[in-house]
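Visitor: Sequence plus the predicted model coming up.
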Amino acid sequence: HGRGENFLRNMTDEEWEELGRDMSNNTHLEDVHLDDGALNDHKISFLFRGLTKSNTIEDINFCDNALSVQGVRSMVPFLQNANNLHELLLCENNNLQSEGFNMLFRALRDSPIEGLNCDNCGIESIEIDSEHIPKHLKSLHLSGNKINADGCRQLSKLLQGGDSTLKHLNLYHNKIDDDGVAILVDALQNNKSLGTLDLRGNDGISKQGQILLLKLVNDISCIKATLQSNHTLRYLNDKCIIPDGYPLNVDEEFQKQINFATRINRNHERNPEAAGREKVIQTQLHSSRRSELADLQGVDHSVFSEIHALHLPEVLALVGRRHGQGELYVALKSLVMGLFSSVNMIECIQQERDFHAAKVEELDAKLATLKEAAVAVKNQVDMVFQSNKRRRQI
């Protein structure tokens, strides 16, 4: 290994270019690993003078080479002609910055690339042309950069539409805040591809952002909202969970509930409808879990008020079967309390109706008296008019 490093370190510019030509003409080469200081901007420029195309190279690892925008620019012709490239690793100590990443993404738009790793590459802003997104991109790693809400707005283009292919998005330790979370959540409402989203280490995400993430995978506001939640995300990380047996703080309570919902998604990975039904059973119809979720999401109403009376026996049987007699008792108690509440409301409305009915009768009586008085006055006026008319005739 040491001798190989010395050999690479001492290669001339011409030898790098010759190596590139040999790699370009090789019909068996699949993996290229030149990482950990093997390259720099100068060496890579000569390497890619020779390496302009390949039909066999599948994976490239250029991590930890202190590459800059100049290094990316040297790679562009090859990337546009690499017909079998599936994974490109440029992570760690490569200062690509925003310009380099945007250039890279444009170069890959017609590529078969499936995995792109640009962790810790000094990226702040992102520009993505929705008309030229890599059609097979499944995994994008952008941790350790400086991506904010504007970057999330651009990344959301990868998550929208029925043809989205992205399955893994790593945004660990960036500059994402609640606004960025809201943008991502909006894009993920109807997304059917993304299975993993890592947002750990983004200190700008507050309780409001955590509520949005929790509601994304299990909106407890009503049964319909739970059924329409995202059932595709299998892993959604915002905070780290401390080991079992320790008390959880509020942040960890949010993550605990998110993990519960995504675990259901994993168990029903190929059947999102079944995942939605299971969330209703496990959370809406389980008193303590629903109470915890309602407190976190700011919801305050009984789930049984949403269920039609004709379906209540079936629902109660389901509660007893899935959660035991204790939960069945809680459900019945809630229904009885709801019934008493309804009865009290009915009595109040009836009393209010009776009060207004008495008022109507009182007003009708006053109106009748006024009408009688008006008729009497009219009659007197008519009598005076007729009397005056007769006098004039005499």
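Guide: Cool, the structure landed. Numbering: from 1, shown residues only.
Visitor: what sits against residue 188?
Guide: 159, 194, 197, 216, 230, 233 (C-beta atoms under 8 Å, 6 or more residues apart in numbering). In this view, the C-beta of every residue, glycine as well, is placed from N, C-alpha and C.
Visitor: Farthest-apart pair in the residues you listed, please.
Guide: Farthest apart among these by C-beta to C-beta are 159 and 216. That separation is 11.9 Å.
Visitor: which non-adjacent residue is nearest residue 35?
Guide: residue 63 (4.4 Å; C-beta to C-beta, 6 or more residues apart in numbering).
Visitor: Check which helix or strand residue 255 maps to.
Guide: helix 250-267 (DSSP states H and E).
Visitor: Just name whatever secondary elements that helix is in contact with.
Guide: helix 207-217, strand 235-237, helix 272-279, helix 287-297 (3 or more C-beta pairs under 8 Å, 6 or more residues apart in numbering; DSSP states H and E).
Visitor: for these, which one sits closest to residue 363?
Guide: helix 287-297 (45.9 Å).
Visitor: Now the closest one: buried residues?
Guide: By neighbour count with 16 or more other C-beta atoms under 10 Å, helix 287-297 contains the buried residues 287, 289-290, 292-294, 296-297.
Visitor: one step back: is the residue nearest to residue 35 in contact with residue 34, as I believe?
Guide: No - look at residue 63 against residue 34 with C-beta atoms under 8 Å: they stay out of range, at 9.3 Å.
Visitor: related to what we said a few turns ago, now the residue nearest to residue 35: how far from residue 209?
Guide: 31 Å (C-beta to C-beta, to the nearest Å).
Visitor: Let me know the next secondary structure element after the strand or helix carrying residue 169.
Guide: Assigning secondary structure by DSSP H and E places residue 169 in strand 168-170. Next in sequence after strand 168-170, counting helices and strands by DSSP H and E, comes helix 178-188.
Visitor: Tell me how far whichever helix or strand comes after that next one lies from the chain's centre.
Guide: Once helix 178-188 ends, the next helix or strand along the chain (criterion: DSSP H and E) is strand 196-198. Centre-to-centre, strand 196-198 and its host chain are 10 Å apart (C-alpha atoms, centre = their mean, to the nearest Å).
Visitor: Let me know the average pLDDT across stretch 101-113.
Guide: In this model, stretch 101-113 has a mean pLDDT of 93.
Visitor: Make a markdown table out of the buried residues of helix 287-297 and add pLDDT and distance to residue 110.
Guide: Converted to a markdown table, the buried residues of helix 287-297 look like this (pLDDT from 0 to 100; distance: C-beta to C-beta, whole Å):
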| residue | pLDDT | distance to residue 110 |
| --- | --- | --- |
| 287 | 88 | 54 |
| 289 | 92 | 48 |
| 290 | 91 | 49 |
| 292 | 93 | 48 |
| 293 | 95 | 45 |
| 294 | 94 | 49 |
| 296 | 95 | 45 |
| 297 | 95 | 43 |
